[in-house]
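# When you get a sec, could you give me coordinates for this:
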Amino acid sequence: MGEQKFTRKIACIGAGYVGGPTMTVIANFCPDYQVTVLDISQEKIDRWNSDDLPIYEPGLKERVLKARGQNLFFSTDIDRGIQEADIIFVTVNTPTKNFGEGAGKAVDLQYIEQTARRIKENSKSDKIVVEKSTIPVRAAETLNNILHSGNNSIRFEILSNPEFMAEGTGIHDMENPDRVLIGSMNTPSGQEARDELIKIYERWVPREKLITTNLWSSELSKLVSNAFLAQRISSINSISGLCEVTDADVDEVALAVGKDTRIGPKFLRAGLGFGGSCFRKDILNLIYLCEHFGLQPIGDFWQQVIAINDFQMQRFVQRILKAMFNTVVGKKIALFGFAFKPDTGDTRDAPAIHVSKMLLKEKARLCITDPHALSNAQKDLEEEEGDITFETDPYKAAEGAHAIALMTEWSQYQTLDYRRIFDSMEKPAFLFDGRNHLDHQALFDLGFNVYAIGKPDRTQFDQGSQ
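Sure thing, here's the model as predicted:
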């Protein structure tokens, strides 16, 4: 493979949910660019180089196989990758701190700093460094200070290019984005670097969807976007609680409210609450920034979004307890789904984790089924005490169960034979739909006692007899 084959060389440090898919899409649309995904984990890189990719995302595998070995490569040789690259994307983990100043809210930037130092140590030529990880406002300033520290003649231009993909639709989101945001320094060299990144995205993104800002606006926009989406979820979930006690239907309320063009229908679907790697983390970071700059009432506002989300999961468990005669001790509950959303195996901050832990404390017996997330579910609950089993077949998971709790709205759960499931369960049989995903009237007609988010109970017996 000749060195002249590629017009540019891209390296991406971090082979996770952002780095792998993003670089795969870029490699597919930019065959004249060499794209190398780098990570310290040999196991992760080996899986990217196999048919068993480390993450599940619809459409990802096909695109990896198309480009891998052509212009898309996966390697643990980080130092060489840095040396050869013209453009370096940084997609390392930025978790919430669990120690020291800002613990529980601030972002832990140690991996960002380690990466910056490694880039500095191994760079022999000028480079463009692109922040893709979610980081606090003005973190680019820290990167800049580290990269240009000491006696260093190498010049680095830092860009902010946050990702806005949603897991489960990540490939579609990147290939058909609402917008691509690029923040740069307002200098000639900064704008030149920005234009280099624009050249990549222009291969498939219409120019009017490429938004350019200063670095600080770009960094803050990512946090604010996730915070606004999470706030919408908490808003409708807060109303679902009111619907349940007034016999209103939250779907009907959401439909009426969403028809207002000033509000719109998106993210007005009631459920168990938000999960995933970003929403909680980014809101906590936003809260920390507000508190740091003396804007406590603003921080309190965003703290309530998280409080409502946690309360929604607590309400779900409380409803299970109340419906099942105020005890689930020794009762088998089948959890249908564990991923935080369908079409992904990701379980980070999944509501199912929190619900499972609460049910285990009530001494329920859990049987968890999920099409793609069982291995992650086992890791998430490995330290929990109690009776937990994991089953790939939802029919087997439901056998002998007193209740089913639907946690993830996988499409296949809509087409199961619920007559067969009902017949295999203990009676009375309960079904708690945490995503309003199933046909509740049909389930009730089969004999289930059905409880859905933000909807009146459908029970086979008088409420007063419980």
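# so what pLDDT did the most centrally placed residue in the chain get?
Centroid-nearest residue in the chain, with CA atoms, centre = their mean: residue 276, separated by 3.3 Å. Residue 276 is assigned a predicted lDDT (pLDDT) of 90.
# cool, residue 112 as well?
Value for residue 112, per-residue pLDDT: 90.
# pLDDT weak spots in this structure?
1-4, 462-466 (pLDDT under 70).
# Which parts of it belong to which domain?
Recorded structural domains for the chain (assignment: automatic domain parsing) are 3-205, 310-465.
# Need these in TSV (columns: distance to residue 246).
The C-beta positions use only the backbone N, C-alpha and C, and glycine is treated the same way. Output for the domains of the chain, formatted as TSV (distance: least, CB to CB, whole Å):
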stretch	distance to residue 246
domain 3-205	32
domain 310-465	9
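# just to revisit the earlier point, my guess is the residue nearest to the centre of the chain meets residue 353, correct?
No. Checked against CB atoms under 8 Å, the pair residue 276 and residue 353 is beyond contact range at 11.7 Å.
# what's the closest of the domains of the chain to residue 240?
domain 310-465 (3.1 Å; CB to CB).
# Please state the offset of the closest one from the chain centre?
21 Å (CA atoms, centre = their mean, to the nearest Å).
# Same check on stretch 154-173?
14 Å.
# end to end, how far does it reach?
This stretch, stretch 154-173, spans 35 Å end to end (CA to CA, to the nearest Å).
# So which bits of that stretch are buried?
156-165, 167-171, 173 (16 or more other CB atoms under 10 Å).
# wait, isn't residue 37 in contact with residue 12?
Yes. With contact defined as CB under 8 Å, residue 37 counts as touching residue 12 (4.9 Å).
# Identify the contacts common to the two.
Common contact partners of residue 37 and residue 12 (CB atoms under 8 Å, 6 or more residues apart in numbering): 19, 23.
# Quick one: list the elements packing against the helix or strand hosting residue 245.
Assigned by DSSP states H and E, residue 245 belongs to helix 215-246. If contacts are counted by 3 or more CB pairs under 8 Å, 6 or more residues apart in numbering; DSSP states H and E, helix 215-246 sits against helix 139-147, strand 156-160, strand 180-184, helix 250-258, helix 279-292, helix 296-323.
# Format the ones you listed as CSV; extra columns: distance to residue 365.
Output for those, formatted as CSV (distance: least, CB to CB, whole Å):
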stretch, distance to residue 365
helix 139-147, 46
strand 156-160, 48
strand 180-184, 47
helix 250-258, 30
helix 279-292, 29
helix 296-323, 13
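# what about these, which gets the closest to residue 88?
strand 156-160 (8.9 Å).
# Against which helices or strands is the next helix-or-strand element following that closest one packed?
Going down the chain from strand 156-160, the next helix or strand is helix 170-175, by DSSP H and E. Helices and strands touching helix 170-175, by 3+ CB pairs under 8 Å, 6+ apart, are helix 19-29, helix 60-67.
# buried residues in the helix holding residue 245?
215, 218-223, 225-227, 229-241, 243-244.
# Report the distance from stretch 256-276 to the chain centre.
18 Å.
# Next, the distance between the ends of that stretch.
End-to-end for stretch 256-276, by CA to CA: 28 Å.
# which residues are contacting it?
167, 229-230, 232-237, 239-240, 243, 250-251, 254-255, 280, 309-310, 312-313, 316, 340-341, 346-352, 355, 407, 409, 434-436, 453-454.
# now do 7 Å
167, 229-230, 232-233, 236-237, 240, 250, 254, 309, 312-313, 316, 340-341, 346, 348-351, 407, 434-436, 453-454 (CB atoms under 7 Å, 6 or more residues apart in numbering).
# Show me which positions of that stretch end up buried.
258, 267, 268, 269, 270, 271, 272, 273, 274, 275, 276.
# Among the residues you listed, which ones are in helices?
Judged by DSSP state H, those include residue 258 as members of helices.
# Out of the buried residues of stretch 256-276, flag the one nearest to residue 112.
Closest to residue 112, out of all of the buried residues of stretch 256-276 and judged by CB to CB, is residue 276, at 20.3 Å.
# where's the closest one relative to residue 375, distance?
18 Å (CB to CB, to the nearest Å).
# wait, which of the domains of the chain is closest to residue 285?
Taking the domains of the chain one by one with CB to CB, domain 3-205 is closest: 5.2 Å.
# from the chain's centre, how far out does the closest one sit?
18 Å.
# how about the residue lying closest to residue 189 once chain neighbours are set aside, what does it touch?
Among residues not flanking residue 189 along the chain, residue 157 sits closest, at 5.7 Å (CB to CB, 6 or more residues apart in numbering). The contact partners of residue 157, by CB under 7 Å, 6+ apart, come to 128, 189, 190, 193.
# Now which of these would you call buried?
Buried residues within these, counting neighbours by 16+ other CB under 10 Å: 128, 190, 193.
# Just the ones of these in helices?
190, 193.
# Could you say which helix or strand holds the residue nearest to residue 149 when sequence neighbours are not counted?
Closest residue in space to residue 149, ignoring its immediate chain neighbours: residue 120 at 7.4 Å, by CB to CB, 6+ apart. Residue 120 belongs to helix 110-122 when assigned by DSSP H and E.
# next one: residue 371
Here residue 371 is assigned to no helix or strand, by DSSP H and E.
# Can you report how many residues neighbour it?
Neighbour count of residue 371, defined by other CB atoms under 10 Å: 19.
# Spit out the contact partners of it.
Counting by CB under 7 Å, 6+ apart, residue 371 has contacts 410, 412.
# List phi and psi for it.
Residue 371 adopts backbone torsions of phi -70, psi -30, taken as degrees, to the nearest 10.
# mind checking how far it is from residue 215?
With CB to CB as the criterion, residue 371 and residue 215 are 40 Å apart.
# What of residue 84?
Taking CB to CB, one finds residue 84 at 26 Å from residue 215.
# What of residue 149?
In terms of CB to CB, residue 149 sits 19 Å off from residue 215.
# Report the backbone C-alpha coordinates of stretch 142-149 in CSV.
Only the C-alpha atoms of stretch 142-149 are listed here, as CSV (Å, rounded to 0.1, in the frame of the first residue of the first chain):
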residue,chain,number,x,y,z
THR,A,142,-6.4,23.4,29.0
LEU,A,143,-5.6,21.3,25.9
ASN,A,144,-4.0,24.3,24.2
ASN,A,145,-1.9,25.0,27.3
ILE,A,146,-0.7,21.4,27.6
LEU,A,147,0.1,21.0,23.9
HIS,A,148,2.0,24.3,23.6
SER,A,149,3.9,24.0,26.9
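# about what we covered before: so which of the helices and strands packed on helix 215-246 comes closest to residue 461?
Per CB to CB, nearest to residue 461 of those: helix 296-323, 10.6 Å.
# Mind giving me the packing neighbours of the closest one?
helix 215-246, helix 279-292, helix 351-361, strand 430-433, strand 449-452 (3 or more CB pairs under 7 Å, 6 or more residues apart in numbering; DSSP states H and E).
# Now with 8 Å, please.
helix 215-246, helix 279-292, helix 351-361, strand 403-406, strand 430-433, strand 449-452.
# tell me the angle of that helix relative to helix 351-361?
50 degrees (axes from the mean of the first three to the mean of the last three CA atoms, to 10 degrees).
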